[in-house]
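In: Quick check, what structure comes out for this input:
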Amino acid sequence: MRHALPRVDELRLLDLHVHVGPEYLQRRYTAQALIDEGRREGFGAVMKNHFQPTTAWVSQAVSADDKVRFAGAIVLNAAVGGVDDHAIRSLLSGWKRDVRAADPERGGAVVWMPTLSTEAHLNLYNRREMPEAWGVKGKYSRLVPIGRGYRLDEGDEPSMAALGRMLRALAENDLTLATGHLDASETVALVKRAHAAGIRRIVMTHPLFQATNQALDTLVRLWHDYGAYSELAFVNIAMDHLSYEQYVDVVRAVGAEGVVLTTDLGQVMNMKVADGWREYMTELGKRGIKDDEITRMAVLNPHRILYGRELAARA
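Out: Reported below is the predicted structural model:
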């Protein structure tokens, strides 16, 4: 049976983590296909691609009368030159609905720290950027030597200077930061630096995933001290052997105010986003997560994270 997705007045469900192609990985969606489904089913989405910014695709596919919101993003992998302010310029360059406009849009886009390019990720997948189980031919997945992946090394002055430039550009343009596939200690260091740079909308990317692997008490502390949200992604349960019970523990410890639900779907072998949401909400409900908590984590928190002050009164 199909169920309507949650909403609050005119605000619809907003999935902050959906993969779109084209890229080396096989994907279920183009930007247009995801927008078509979102309009039909009543959800918006932030579109993620591991190899290139998605802002241009999104800006040219949305409509002024859309009732659901769609946004672009960039992942600071090696493919876009890594972590520096030049990547923010790349993101912003395509964030124009009117190609004749002199200025890009402000805000409403996500910057992910590296994912496939981090040491933590490469160590998990035998130094390969992408396992073939993800739907990619082996010849397209680079083998990266030990030590050549990205690390947030606070003793590396050039790397820290580049990170500082990126964070300043992110703050100046009112963007949202996601922590990517940094390991547990690197994530903590990033959250502290981002907060010191004035960034107030930080999402810890699926922190129970094997590469990121945060302790529960750390998630609580980073929410209370720095306002960093914990992302609980549906796909990690199916593909990475996490459990709903672990997710419930995070919601109960951190509180629904500090958690955001996403699907992280878009893989060609997995279900559609709308179907993923229905299963996700049903299973959380069976385990005692209330409807108003799901609405907070799937509608209100994502809008606050992506749009900040604009929707603060509602969220």
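In: would you list every one of the helices in this protein?
Out: Ranges of helices in the chain, per DSSP state H, are 31-41, 55-59, 85-93, 119-124, 157-172, 184-196, 216-226, 234-240, 244-254, 273-286, 291-295, 301-307.
In: Leu14 is nearest to which of these?
Out: The minimum distance between Leu14 and these falls on helix 301-307, with 3.9 Å, by CB to CB. Every C-beta, even on glycine, is put in place using the N, C-alpha and C of the backbone.
In: worst average pLDDT in the helices of the chain?
Out: Comparing mean pLDDT across these, the weakest is helix 234-240, with a mean of 91.
In: For it, list every residue counted as buried.
Out: Within helix 234-240, the residues that count as buried by 16 or more other CB atoms under 10 Å are 234-239.
In: before we move on, what about stretch 263-273?
Out: Across stretch 263-273, burial judged by 16+ other CB under 10 Å covers 263-267, 270-273.
In: Let's have the helices of the chain in TSV, adding distance to Pro6.
Out: Below are the helices of the chain laid out as TSV (distance: least, CB to CB, whole Å):
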stretch	distance to Pro6
helix 31-41	12
helix 55-59	23
helix 85-93	29
helix 119-124	32
helix 157-172	29
helix 184-196	28
helix 216-226	22
helix 234-240	15
helix 244-254	15
helix 273-286	8
helix 291-295	5
helix 301-307	11
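In: Identify whichever of the ones you listed lies nearest to Asp15.
Out: Each of the helices of the chain was scored for nearness to Asp15 using CB to CB, and the closest is helix 273-286 (6.3 Å).
In: Restrict the closest one to CA atoms and write it as CSV.
Out: Provided in CSV are the C-alpha atoms of helix 273-286 (Å, rounded to 0.1, in the frame of the first residue of the first chain):
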residue,chain,number,x,y,z
VAL,A,273,13.6,6.7,-3.2
ALA,A,274,9.9,7.0,-2.4
ASP,A,275,9.6,3.3,-1.7
GLY,A,276,12.7,3.5,0.5
TRP,A,277,11.2,6.2,2.6
ARG,A,278,8.0,4.2,3.1
GLU,A,279,9.9,1.1,4.3
TYR,A,280,12.2,3.3,6.4
MET,A,281,9.4,5.1,8.2
THR,A,282,7.4,1.9,8.7
GLU,A,283,10.4,0.1,10.3
LEU,A,284,11.3,3.0,12.5
GLY,A,285,7.7,3.2,13.7
LYS,A,286,7.7,-0.4,14.6
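In: tell me what it is packed against?
Out: strand 11-19, helix 31-41, strand 43-48, helix 234-240, helix 244-254, helix 291-295 (3 or more CB pairs under 8 Å, 6 or more residues apart in numbering; DSSP states H and E).
In: how about a cut-off of 7 Å?
Out: Helix 273-286 sits against strand 11-19, helix 31-41, strand 43-48, with contacts defined as 3 or more CB pairs under 7 Å, 6 or more residues apart in numbering; DSSP states H and E.
In: buried stuff in that helix?
Out: Within helix 273-286, the residues that count as buried by 16+ other CB under 10 Å are 273-274, 276-278, 280-281, 284.
In: Give me the distance between it and the centre of its chain.
Out: Centroid separation for helix 273-286 versus its chain: 19 Å, with CA atoms, centre = their mean, to the nearest Å.
In: orientation of that helix relative to helix 244-254 in degrees?
Out: Angle between the axes of helix 273-286 and helix 244-254 is 70 degrees (criterion: axes from the mean of the first three to the mean of the last three CA atoms, to 10 degrees).
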